[in-house]
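>>> Give me a model of this one.
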Amino acid sequence: MRLRVEFTTEPFDLEEAPAHAVAAREVIRKAQLDAVDVGPFGNTAEGEADRVLAAVEALLRESLEAGATRVSLQVNVIGEEVS
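Residues are numbered from 1 along each chain as shown. Down below sits the predicted model:
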């Protein structure tokens, strides 16, 4: 099964990326996922379910430890037809 994760961390800082956002992005970059897209207002990545779920756990731990007060995320199953 393949999954897509979309996430943001808060609080926002329009001047520079906060430590929690940098931590979350680094987790995703190191997770060997596909179709990684990071930006100032949202981030996405795709991959095999085990890798995505492990990355989500690490993302939550690392970003909260780095000062995030909120992590919003959505996980979707992709590439499979639903009956």
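>>> count of residues packed around the nearest residue to L3 once chain neighbours are set aside?
Excluding its sequence neighbours, the residue lying closest to L3 (C-beta to C-beta, 6 or more residues apart in numbering) is V52, at 4.2 Å. For every residue, glycine as well, the C-beta is placed using N, CA and C. Look at V52: counted by other C-beta atoms under 10 Å, it has 23 neighbours.
>>> Please, which helix or strand holds V52?
helix 49-65 (DSSP states H and E).
>>> Report the rounded mean pLDDT for that helix.
For helix 49-65, mean pLDDT is 96.
>>> Okay, buried residues for that helix please.
51-52, 55-56, 58-60, 62-64 (16 or more other C-beta atoms under 10 Å).
>>> neighbouring contacts of that helix?
Residues from elsewhere that reach helix 49-65 (C-beta atoms under 8 Å, 6 or more residues apart in numbering): 1-5, 7, 9, 20-21, 23-24, 26-28, 31-33, 45-47, 71, 73, 75.
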